[in-house]
Every structure is written in structure tokens, then in C-alpha cells.
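1. Dropping a prediction and its sequence here:
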Amino acid sequence: MARREVGEINAGSMADIAFLLLIFFLVTTTMEVDAGIGRTLPLKRDNVEQEPIDIRERDILEILANSNDQLMVEGKFIELDELEEIVVDFYTANSKGNETDPTMPTYELRTVSSCQVQIANLQTLLESDPDNADLNREKEKWETKLALCEEMPTKAYYEISKMSIIQLKNQANTSYGLYLEVQNILKKVVNDLRVKKCEELGWEDYYELDDKTIDGQEKIAMLRILVPERIVEARIDR
Amino acid sequence: MGRFNQSKQKSIPAVNTSALPDIIFMLLFFFMVATTMKEVNLQVDIEKPTADQAVALEDKDNIDFLYIGFPTNAEHGTEPRIQLDDMLINDYHAIQEWKRSSIPQGRSILEVPTSFKVHKDVGMRTVSLAKEELREIDALKIIYSADKTE
């Protein structure tokens, strides 16, 4: 009888098995990516005498989260999912310049000429005090505003009152989870509004703006003026 | 009757293992890419909150991590505690020293963010006091760590 030679085991499907394993891991595991919401704390200025500024009630949006994790906005209890609409309203109620809602911040018209006047004024002040950091910052801001006017098809835009702030108040036992949800909503509103502004101006997508290029930096600076993010947190007493 | 031929012994050839290294390498690469290094030995339990606006952190080497959570070891009590590097601290002022010493030469304290990894049930008092300490030394950049959701 002839001896039958047994051939090598076909290992060609080994690759398929390996791929199967790979795909299995890819699908079943979640990769933990560190993510977060960035914020900048206000500068501490003990040595500088704060001049009392006249803050109008309408310019402040007060959000209070109490120890029982209940939310209160401007003295009224609300649910978390109502907050977004309120914040959007705070930003946009009077954004066309006319007085639509007298309880919300006013908007002021900025034109090329009004910006130029401000820059000229600051320039004269700077001549006597060229190293004043505040004045220099102020001048830079107005230059950005002037550039923004030039970007606009109408050569002018409406700017939210510079006193407008969102005030966040927490209590000692307010949970961090709720605090972060409020922060998240504030971020979302600002991001959404900035996305809309980018579309109106015909720029690239807001999330695509690159702060490493000069063009990107300028656009981000302009968006910060159009949709500012001014959040003040009250201190919790020990 | 059929004949049984005992002498006809099939020799089983060796399994071809030439693809085995490829598989192992593939697994290795997969885990290298997909996993993140463990930063510290956590002594507090942290269940991060979720946020859909969270953005992925870049340049993690230049971020300091501050952990606030409930101690995993009952010896340390049940109140929220702050962990810096590998130790739990008792005094909030230790944050200032820790932050200052973590800044590499030639970099400003303003440029190096501090990431807060906080359990979602921790009260805001602890978080707020920790933030005040950082404000004292002008470490103003804060990242509130959260799990990204869609």
C-alpha cells in the first residue's frame, strides 16, 4: 500500500484569526481619553484698590446651586434643562441693538469711526505713560474691535455690554457633578454662539480654528469680543 | 474483511507557527496605542462627571493633576480628601508648595494648567478652597476633568 503523505497544516487562516481578535478588542474596549473643560480663574489683585463700579442688575445673570443641588436663576427655581435656554436668552435677547428685553444686557453699536476715536484717545494717554499694562491691553482690545468692524459686511457690529457677567454661586455641599453640568452648559452656549458667528462671517468652522496660527489667533480674539465668556464665582465661606 | 494496516502511521506535521510572532506583535501594538499610562497610585475613589463639551487634553506632560475624592482606605476617614502626587494632604496650603515645585525651569506658573479630577459627589467647598490656594500663587489655568459624552 502506498504511504499517503500528509501535507502541512494550512496556516493561511491564522491571519484571519488574528484579525478577528484585533477587531474584538477594538470593539469591546473603551480607551480612556483624558478630557476636560478649561477655565481661567480671575487674577488675584489685593494690592490694587478696586474702584467701585456701577453694576446694573440687568447685566448680571445669577446662577445659584444650593446644598440640595437645586438650581436658582435670578431668584427663581429652575430645572437643569431649562438653564441652556436662559443663558442663550441672556446673550442674545438684545443682540440686534434694540431694547427687546429690559431685564437683559444691552448691546452697543461699534463702528470703524468709534473704534478709531477710542484708539486715538488711548494713544494720547499712552504717550505720557507708555508702559502702562492696562492701557496697552485696552488699546489692543480696541484694535481687535476695529479689525472686527472691518470684517463685518456692514462695517459695524453690536457688542454686548462689557459689564455683562454670569455669576456662579455655590454652597459648601453643592455637588461637583452639578457644578460641572452648569459649567458644561455655559460652555455649550458660548461654543454654539461662536459657531454661529463663524458661519455668519464666512469663516471656517469654529472648532477648526487653530490658535497656533496668527490668523486663527485673531479670529479667536474677535470671537471673544462677540461672545465673551465672563464667569464670576462667588467664594464659599469656610 | 478490511485489512488494518498498523504500519501505515500518519505522521502529524508540526503546526506552522510562523504567524505567531505577527499576532503577538499586533496585540502588543494594540495595547501600546490604546492604553494610557497609569499616572499615580490613586488613594481616593474618583467617579468623574460627564460633559459633552469636554475637549481632549493635549500635552499631558505639562499638566499637573490634582485629585479630590473619597479615601479608599477607611483609615483616612470618609470625608473628601485631596491627593497630590502620591500622598493625601491635610492642609490646603500644601497645594501652593506642590504647584510651585512642579513648574519646570524657565516656564511661568501661568502657563501650566492644573487638572482637577474630582469625584462628582464631592462638595464644592473642598474644590473652592483648593482653587483659592492656586489663585494665591497665580496658577490660574484650571481644567475640570470630565468624561466626554456625545
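-> In hand now; what should we look at?
2. phi, psi of the closest residue to A:N173 other than its chain neighbours?
-> Distances taken as C-beta to C-beta, 6 or more residues apart in numbering or on different chains place A:S67 nearest to A:N173, at 3.8 Å, with adjacent residues excluded. No exception for glycine: its C-beta is placed from N, CA and C like everyone else's. When read as degrees, to the nearest 10, the backbone of A:S67 gives phi -60, psi -20.
3. Helices of chain B, residue ranges please.
-> Here chain B has its helices, by DSSP state H, at B:20-34, B:94-102, B:124-136.
4. name the helices or strands packed onto the first one?
-> It refers to helix B:20-34. helix A:14-28 (3 or more C-beta pairs under 8 Å, 6 or more residues apart in numbering or on different chains; DSSP states H and E).
5. now the helix it packs on: mean pLDDT?
-> The average pLDDT within helix A:14-28 is 71.
6. which of the helices of chain B sits most buried?
-> helix B:124-136 (a mean of 20; mean count of other C-beta atoms under 10 Å in any protein chain shown).
7. For the closest residue to A:P42 other than its chain neighbours, give me the pLDDT.
-> Using C-beta to C-beta, 6+ apart and skipping residues adjacent in sequence, the residue nearest A:P42 is A:V232, 7.0 Å away. Looking at A:V232, its pLDDT reads 85.
8. what do you get for B:N5?
-> 56.
9. close to chain B, is the helix or strand harbouring A:R137?
-> Per DSSP states H and E, A:R137 falls inside helix A:133-151. No - residues of helix A:133-151 contacting chain B under C-beta under 8 Å from any C-beta of the partner chain: none, with a closest distance of 14.0 Å.
10. Report the buried residues of that helix.
-> A:138-139, A:141-142, A:144-146, A:148-149 (16 or more other C-beta atoms under 10 Å in any protein chain shown).
11. show me what contacts the residue nearest to A:N173?
-> By C-beta atoms under 8 Å, 6 or more residues apart in numbering or on different chains, the residues touching A:S67 are A:171-174, B:123.
12. Widest-spaced pair of these?
-> For those, with distances taken as C-beta to C-beta, the pair at the greatest spread is A:Q171 and B:G123 (8.4 Å).
13. residue contacts, whatever residue of chain A ends up closest to chain B?
-> Taking C-beta to the nearest C-beta as the measure, chain A has A:G177 as its residue closest to chain B, at 3.2 Å. The neighbours of A:G177, taking C-beta under 8 Å, 6+ apart as the test, are B:49, B:120-121.
14. So it belongs to a helix, correct?
-> Yes - per DSSP: H, G, I helix; E, B strand; the rest coil, A:G177 lies within a helix segment.
15. where along chain A do the strands fall?
-> A:35-40, A:60-65, A:71-73, A:76-78, A:107-111, A:156-160, A:165-170, A:231-233 (DSSP state E).
16. Just among the contacts of A:S67, which is most surrounded?
-> A:T174 (27 neighbours; other C-beta atoms under 10 Å in any protein chain shown).
17. my read: it touches A:Q70, true?
-> No - with contact defined as C-beta atoms under 8 Å, A:T174 does not count as touching A:Q70 (9.4 Å).
18. can you redo the helices of chain B as JSON lines with mean pLDDT?
-> Output for the helices of chain B, formatted as JSON lines (pLDDT from 0 to 100):
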{"stretch": "helix B:20-34", "mean pLDDT": "76"}
{"stretch": "helix B:94-102", "mean pLDDT": "88"}
{"stretch": "helix B:124-136", "mean pLDDT": "89"}
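19. which residue does chain B bring closest to chain A?
-> Counting by C-beta to the nearest C-beta, chain B gets nearest chain A through B:K120, at 3.2 Å.
20. Ramachandran angles for that residue?
-> Dihedral angles (degrees, to the nearest 10) for B:K120: phi -70, psi -10.
21. For the residue nearest to A:N136 when sequence neighbours are not counted, list the residues it contacts.
-> Once flanking residues are discounted, A:N136 sits nearest to A:L126: 7.1 Å by C-beta to C-beta, 6+ apart. A:L126 is in contact with A:132, A:135-136, A:139, counting by C-beta under 8 Å, 6+ apart.
22. Dump the C-alpha coordinates for stretch B:126-145 into PDB.
-> Output of stretch B:126-145 as PDB, limited to C-alpha atoms (Å, rounded to 0.1, in the frame of the first residue of the first chain):
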ATOM      1  CA  THR B 126     -13.300  71.500  49.000                       C
ATOM      2  CA  VAL B 127     -12.900  72.300  45.400                       C
ATOM      3  CA  SER B 128     -13.400  76.000  46.000                       C
ATOM      4  CA  LEU B 129     -10.700  76.100  48.700                       C
ATOM      5  CA  ALA B 130      -8.300  74.300  46.500                       C
ATOM      6  CA  LYS B 131      -8.900  76.800  43.700                       C
ATOM      7  CA  GLU B 132      -8.300  79.700  46.100                       C
ATOM      8  CA  GLU B 133      -4.900  78.300  47.000                       C
ATOM      9  CA  LEU B 134      -4.000  78.100  43.300                       C
ATOM     10  CA  ARG B 135      -5.200  81.600  42.800                       C
ATOM     11  CA  GLU B 136      -2.900  82.900  45.600                       C
ATOM     12  CA  ILE B 137       0.100  81.900  43.500                       C
ATOM     13  CA  ASP B 138      -1.400  82.900  40.100                       C
ATOM     14  CA  ALA B 139      -1.800  79.400  38.900                       C
ATOM     15  CA  LEU B 140      -5.000  80.500  37.100                       C
ATOM     16  CA  LYS B 141      -5.400  77.800  34.400                       C
ATOM     17  CA  ILE B 142      -7.800  75.100  35.500                       C
ATOM     18  CA  ILE B 143      -9.100  72.100  33.700                       C
ATOM     19  CA  TYR B 144     -12.200  70.400  35.100                       C
ATOM     20  CA  SER B 145     -11.700  66.800  34.200                       C
END
